[in-house]
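K.L.:
what follows is a predicted protein model with its sequence.
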Amino acid sequence: MPDIQVVLTELGWPLAVALAWLSGEFMHRWTRLPRISVYGVVGFLLAQAFPDALSSGPSSTVTVLANLAFGLILFEFGYRINLRWLRINPWIAVSGLAESAATFGVVYLIAHLTGMPSLTSLLLASLAMSTSPAGVLRVINEEDSSGQVTERVLHLVAINCVLAVFTFKVVVGFWVFQTSGSLTQAISHSLIELAVSAAMGAVLGMLVPAVLRRMGKLAQDGTIAFALGVILLVAMARAFDVSPVLATLTFGLAARHSRVAFSRTERNFGGIGELITVLLFVFAVSTLDWERVVDGLGLGMLLLLARFLVKALAVGAFAHVGGISWRKGLLTGIALAPMSVFVTLLLEQTKYMGIVLVDELAALAAMTLVLEVFGPIITQRALVWANETPNKEER
């Protein structure tokens, strides 16, 4: 007779993913809430009830699959970014830089004034700059959203994620230097790492389209080839200890500008992509601990409010010069709410360096949980209010 604890450990993740998927489908059908919000609630509750069954280490299969799912989303996200649009309307880039810098400054100031150490405040501020590409893209695809607000949200998310990764890596580099005293080690985990990550993605983004053109089967094999490229790139990023976030995002950007048509029929990379995306959103909250969430709830909610207001007002301030109304500018900023999956995986990557930052950032745990559930809902409502989703009257 097998031990029940062993059985639960073996079946924990498959059962959690199945239950999260079923819950998401039923709740979305009944309430029209984003499925990923439901995945987050189910994942967190199961992780608290059965912590051993949903445990995951840096090298576990679940962590690898979560990074792969995030890589697929980032590739698709990067593929939707049009750099030519940013050149035609530079105010979009300016608003992205402004809201990222303002968010960083306000969050750092609040965290520092509440007594948090300077380095920890810098880490928190760098992560608060970001918006989760996974959360935003999933909502946009689910709602079949299109229009000015949708496209601006996509481009702003790309800008503040790149800035967040850059800033985070620089701060972590100083952290390593402070603890190890090795300037070479600190540099290798910041600027050089980012340059290598971007170069890997750019090379693959030119190589895969070239191979497909040589084969002459773009329409038939494109999706599979890009998925394999993402798998290879994530594995290479882990092997060389560089950022898979920037690498896969650059891969998508380079592939788009190599003039390769990526079939919309395989959005989210088909059924397998959908499946591991469910795992990704369950994984994002499985790393959170209830006690840490409670400890950081007060400061976390204050920082969330500040982040929300700064992003909305900063983007709204550039609305008219950027060619849209104040209302659509504010809605664009409001739609930048999600950040949980991006933050979770970025923190997981620092564990490879022997740095465990989650214990230092209780407020971040609270922010991650709240935005895992409510961030996608806020984005969904912003897109609906902007009249960029079909069948709005049914909602």
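P.N.:
Structure's in. What do you need?
K.L.:
okay, now residue 22: neighbour count?
P.N.:
Neighbourhood size, residue 22 [other Cβ atoms under 10 Å]: 13. For every residue, glycine as well, the C-beta is placed using N, CA and C.
K.L.:
what's the helix or strand harbouring it packed up against?
P.N.:
Assigned by DSSP states H and E, residue 22 belongs to helix 4-31. Helices and strands touching helix 4-31, by 3 or more Cβ pairs under 8 Å, 6 or more residues apart in numbering; DSSP states H and E, are helix 35-49, helix 270-286.
K.L.:
tell me the mean pLDDT over the last one?
P.N.:
Just to be clear, that refers to helix 270-286. Helix 270-286 shows a mean pLDDT of 84.
K.L.:
mind listing what's buried in the helix holding residue 22?
P.N.:
12-13, 16-17, 19-21, 23-24, 27-28 (16 or more other Cβ atoms under 10 Å).
K.L.:
dump the residue contacts of residue 99.
P.N.:
156, 160, 310-311, 314-315, 333, 336 (Cβ atoms under 8 Å, 6 or more residues apart in numbering).
K.L.:
lowest-confidence one in those residues?
P.N.:
Lowest confidence among the contacts of residue 99: residue 160, with 90.
K.L.:
who's in contact with it?
P.N.:
The contact partners of residue 160, taken as Cβ under 8 Å, 6+ apart, are 96, 99-100, 103, 129-131, 336.
K.L.:
now residue 138
P.N.:
34-36, 73, 268, 277, 376.
K.L.:
between these, which is nearest residue 285?
P.N.:
Nearest to residue 285 among these is residue 36, at 10.7 Å by Cβ to Cβ.
K.L.:
next SSE downstream of the helix or strand of the chain with the lowest mean pLDDT?
P.N.:
Every helix and strand in the chain was compared by mean pLDDT, DSSP states H and E; the lowest is helix 183-188, with a mean of 60. Downstream of helix 183-188, the first helix or strand assigned by DSSP H and E is helix 191-215.
K.L.:
now the next helix or strand after that following helix against helix 191-215, angle please.
P.N.:
Using DSSP H and E, the next helix or strand after helix 191-215 towards the C-terminus is helix 218-239. Interaxial angle of helix 218-239 relative to helix 191-215 (axes from the mean of the first three to the mean of the last three Cα atoms, to 10 degrees): 160 degrees.
K.L.:
mind listing what's buried in helix 218-239?
P.N.:
222-223, 225-227, 229-230, 233-234, 236-238.
K.L.:
hmm, who's touching stretch 239-250?
P.N.:
67, 70-72, 74-75, 77-78, 133, 158, 161-162, 165, 169, 189, 193-194, 196-198, 200-202, 205, 230, 233-234, 236-238, 342, 345-346, 349, 352-353.
K.L.:
just how off-centre is it within its chain?
P.N.:
13 Å (Cα atoms, centre = their mean, to the nearest Å).
K.L.:
what residues sit buried inside that stretch?
P.N.:
242-250.
K.L.:
same question for stretch 45-55.
P.N.:
46-48, 50, 53-54.
K.L.:
repeat for stretch 54-72
P.N.:
Taking 16+ other Cβ under 10 Å as the criterion, stretch 54-72 shows 54, 56, 62-63, 65-72 as buried.
K.L.:
out of the helices and strands packed on helix 4-31, which gets nearest to residue 215?
P.N.:
helix 270-286 (19.9 Å).
K.L.:
what is that closest one packed up against?
P.N.:
helix 4-31, helix 35-49, helix 61-79, helix 133-143, helix 340-350, helix 362-385.
K.L.:
which one of the buried residues of stretch 239-250 is nearest to residue 293?
P.N.:
Set against residue 293, the nearest of those by Cβ to Cβ is residue 245 (24.2 Å).
K.L.:
and the closest residue to residue 362 other than its chain neighbours, what does it touch?
P.N.:
Nearest residue to residue 362, sequence neighbours excluded (Cβ to Cβ, 6 or more residues apart in numbering): residue 296, at 3.2 Å. Contacts of residue 296 were listed using Cβ under 8 Å, 6+ apart, and they are 361-367.
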